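Engineer: one predicted model, sequence on top.
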Amino acid sequence: MIKLENISFDHCIKCTVCNMYCPVSQASHLFPGPKQSGPDAERLRIKNPELVDASLKYCTNCKRCEIACPSDVKIAEIIQEAKWNYAKIHWFRPRDFFMSRTDLVGTMATMFSFIVNFIVNLRIVKIFMHLLLRIPYGRVFPAYASGTFKNKFKKEIAPSQDDYAKYVTYFHGCYVNYNDHHLGATMVKVVNALGYGVKIRKEKCCGVPLIANGYIEKAKKNALFNIKSLSQTGPDTKIVSTSSSCSYALKHEYSGFLKLDNSAINDRTFYITRFIFDEFVSGNIPAMKNVGIRAAYHSPCHLERTGGVMYTLNVLKMIPGLDLVVLNSECCGIAGTYGFKNENFRISQDVGKNLFNLINSVHPEFVITDCETCKMQIEMNTDYKVLHPVEVIAMAIGEK
């Protein structure tokens, strides 16, 4: 039976512009395109769920089809719902289970980070993961930090945050918590320079890896936990994140795909550059020095979907001495855990080729992007170090 709340597919005018903007269908014949897999096939699936096509697994959920759609059809959401809700086109794999449990794996790995980082780079271990776990031999894993950012914040950062009259709540996410403490600490310094203190709440993985691997009920549990925890901050307290995908999940995936009420946090949740842009526009601009660097900027797909790229670019253009080359909009191909799977690795690399060639052609000193997995993909496939916009702002205000 057709659900009246889920008929956005009927708004499709069959213009096929979504296919033109789909990076996967351009790179591989295995995925027929968002129009065919989304609104076209949905008309059949609501009558017979057994018509779910296994080719749906090649969709990266990058949302570029939704950005391009002139009729605002939730194409990627339709495909994700078909993939996981109509029929089970996947089976249990330890690889997918552990890749989606970032809190579980991250907590264990950060306890023995030196050993873990050493082992995963051994050739024999890479071969084992490739053959038995179906993790690509050529994939480079991000290094784990020692301990968690949450504990580092409580011990080293939190005491200095009580001196501020106003503050923001920081949803740090898994990457900062388990891999990149430096980004989290830098974000705190930048926000402090704007006159705000920073506090954190108990949080769980935003749910993006869980959704990507089909663990929808677990994603809902995490989402409900985060909504409840973040709701306990003051009603006027802004919630900021340094992850474009985490921000997208908190604001859009919770209410859209997961069908949860996130109204208590939605209007006050911001990706970090939106928060900084609003402060700059209001006149709250800290003293910045000339950074004197040339950098290329790559816009992540999820940030483009929310319209957040304009805020990042406007903030970066205010930094003295930053020679910024804005790259043509291209998907990097990694799509979270998608590029960490054997069956997707070749597609992931092919999707990202245009971006890698663009970066190499402009010869920057650094690449700037807002997404942690885009950073992993670019650093693996080019010779350039990737910086977060917050790190560039920190350079300008004199933070190392």
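Structural biologist: Ah, there it is. Numbering: from 1, shown residues only.

Engineer: helices along the stretch 251-400 of the chain, start to end?
Structural biologist: Counting by DSSP state H, counting those that start in this stretch, the stretch 251-400 of the chain has helices at residues 263-266, 272-281, 301-306, 309-316, 342-362, 372-381, 389-396.

Engineer: could the ones you listed be laid out in TSV, adding mean neighbour count, distance to residue 185 and mean pLDDT?
Structural biologist: Placement of C-beta: from N, CA and C, glycine included. Conversion of the helices of the stretch 251-400 of the chain to TSV gives the following (neighbours: other C-beta atoms under 10 Å; distance: least, C-beta to C-beta, whole Å; pLDDT from 0 to 100):
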stretch	mean neighbour count	distance to residue 185	mean pLDDT
helix 263-266	16	24	94
helix 272-281	21	14	96
helix 301-306	22	22	92
helix 309-316	20	19	96
helix 342-362	18	27	95
helix 372-381	23	15	96
helix 389-396	22	9	96
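
Engineer: switch those helices over to CSV; also include distance to residue 113.
Structural biologist: Below are the helices of the stretch 251-400 of the chain laid out as CSV (distance: least, C-beta to C-beta, whole Å):
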stretch, distance to residue 113
helix 263-266, 31
helix 272-281, 25
helix 301-306, 28
helix 309-316, 30
helix 342-362, 25
helix 372-381, 17
helix 389-396, 21
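
Engineer: quick check: which of the ones you listed is nearest to residue 101?
Structural biologist: Distances from residue 101 to each of those were compared using C-beta to C-beta; the minimum, 16.6 Å, belongs to helix 372-381.

Engineer: quick one, the closest one and helix 342-362 angle?
Structural biologist: Between the axes of helix 372-381 and helix 342-362, defined by axes from the mean of the first three to the mean of the last three C-alpha atoms, to 10 degrees, the angle is 70 degrees.

Engineer: can I get helix 372-381 as PDB, trimmed to CA atoms?
Structural biologist: Output for helix 372-381, consisting of C-alpha atoms alone and laid out as PDB, is shown next (Å, rounded to 0.1, in the frame of the first residue of the first chain):
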ATOM      1  CA  GLU A 372      37.100  13.700   7.500                       C
ATOM      2  CA  THR A 373      36.600  10.900   5.000                       C
ATOM      3  CA  CYS A 374      37.200  13.200   2.100                       C
ATOM      4  CA  LYS A 375      40.500  14.100   3.800                       C
ATOM      5  CA  MET A 376      41.400  10.400   4.000                       C
ATOM      6  CA  GLN A 377      40.600   9.800   0.300                       C
ATOM      7  CA  ILE A 378      42.500  12.900  -0.900                       C
ATOM      8  CA  GLU A 379      45.600  12.200   1.200                       C
ATOM      9  CA  MET A 380      45.700   8.600   0.000                       C
ATOM     10  CA  ASN A 381      45.500   9.500  -3.700                       C
END
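
Engineer: list the contacts of that helix.
Structural biologist: Applying C-beta atoms under 8 Å, 6 or more residues apart in numbering, the set of residues contacting helix 372-381 from outside is 139-140, 142, 175, 179-180, 243, 245, 298, 300, 332-336, 339, 348-349, 352, 355-356, 359, 367, 369, 384-386, 388.

Engineer: follow-up on the earlier one: mind checking the helices of the stretch 251-400 of the chain for the one nearest to residue 117?
Structural biologist: Residue 117 sits nearest to helix 372-381 of all these, at 14.3 Å, using C-beta to C-beta.

Engineer: just how off-centre is the closest one within its chain?
Structural biologist: Its chain's C-alpha centre lies 12 Å from the corresponding centre of helix 372-381 when counted by C-alpha atoms, centre = their mean, to the nearest Å.

Engineer: domains of this structure?
Structural biologist: For the chain, automatic domain parsing gives the domain ranges 4-86, 149-206+214-278, 287-396.

Engineer: what does residue 144 show for phi and psi?
Structural biologist: Here is the backbone geometry of residue 144 (degrees, to the nearest 10): phi -90, psi 140.

Engineer: hmm, I was thinking of residue 42
Structural biologist: When quoted as degrees, to the nearest 10, the phi and psi of residue 42 stand at phi -60, psi -30.

Engineer: pick out the shakiest of the domains of the chain, pLDDT-wise.
Structural biologist: When the domains of the chain are ranked by mean pLDDT, domain 4-86 comes last with a mean of 84.

Engineer: picking up where we left off before, narrow the contacts of helix 372-381 to those that are buried.
Structural biologist: Using 16 or more other C-beta atoms under 10 Å as the burial test, these include 139, 142, 175, 179-180, 243, 245, 298, 300, 332-336, 339, 348-349, 352, 355-356, 359, 367, 369, 384, 386, 388 as buried.

Engineer: ok, residue 80 - contacts?
Structural biologist: Shown in contact with residue 80 (C-beta under 8 Å, 6+ apart): 59, 61, 211, 257.

Engineer: neighbour count, secondary structure and distance to residue 70 for the residues you listed - can I get that in a markdown table?
Structural biologist: Compiled in a markdown table, those are given as follows (neighbours: other C-beta atoms under 10 Å; DSSP: H, G, I helix; E, B strand; the rest coil; distance: C-beta to C-beta, whole Å):
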| residue | neighbour count | secondary structure | distance to residue 70 |
| --- | --- | --- | --- |
| 59 | 24 | coil | 20 |
| 61 | 22 | coil | 20 |
| 211 | 25 | helix | 26 |
| 257 | 23 | coil | 22 |
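
Engineer: residues contacting the residue nearest to the spatial centre of the chain?
Structural biologist: By C-alpha atoms, centre = their mean, the mean C-alpha position of the chain lies nearest to residue 245, the distance being 2.7 Å. Remark: with contacts taken as C-beta under 8 Å, 6+ apart, residue 245 is in contact with 206, 208, 300, 302, 336, 371, 372, 373.

Engineer: same check, this time on residue 202
Structural biologist: Residues in contact with residue 202 (C-beta under 8 Å, 6+ apart) are 225, 229.

Engineer: same check on residue 395?
Structural biologist: Applying C-beta under 8 Å, 6+ apart, we find residue 395 in contact with 291, 293.

Engineer: CA atoms only: put stretch 149-167 into PDB for me.
Structural biologist: Included here for stretch 149-167 are C-alpha records, laid out as PDB according to Å, rounded to 0.1, in the frame of the first residue of the first chain:
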ATOM      1  CA  PHE A 149      39.200  13.400  22.900                       C
ATOM      2  CA  LYS A 150      36.300  13.200  25.400                       C
ATOM      3  CA  ASN A 151      38.800  12.300  28.200                       C
ATOM      4  CA  LYS A 152      41.400  14.800  26.900                       C
ATOM      5  CA  PHE A 153      38.700  17.600  27.000                       C
ATOM      6  CA  LYS A 154      37.700  16.800  30.500                       C
ATOM      7  CA  LYS A 155      41.200  16.700  31.900                       C
ATOM      8  CA  GLU A 156      43.000  19.400  29.800                       C
ATOM      9  CA  ILE A 157      40.400  21.700  28.200                       C
ATOM     10  CA  ALA A 158      37.200  21.800  30.300                       C
ATOM     11  CA  PRO A 159      38.700  23.700  33.300                       C
ATOM     12  CA  SER A 160      39.500  26.700  31.100                       C
ATOM     13  CA  GLN A 161      36.100  27.000  29.600                       C
ATOM     14  CA  ASP A 162      34.300  28.100  32.800                       C
ATOM     15  CA  ASP A 163      35.700  31.600  32.300                       C
ATOM     16  CA  TYR A 164      33.400  32.500  29.500                       C
ATOM     17  CA  ALA A 165      29.900  34.100  29.900                       C
ATOM     18  CA  LYS A 166      28.500  32.300  26.800                       C
ATOM     19  CA  TYR A 167      29.300  29.000  25.400                       C
END
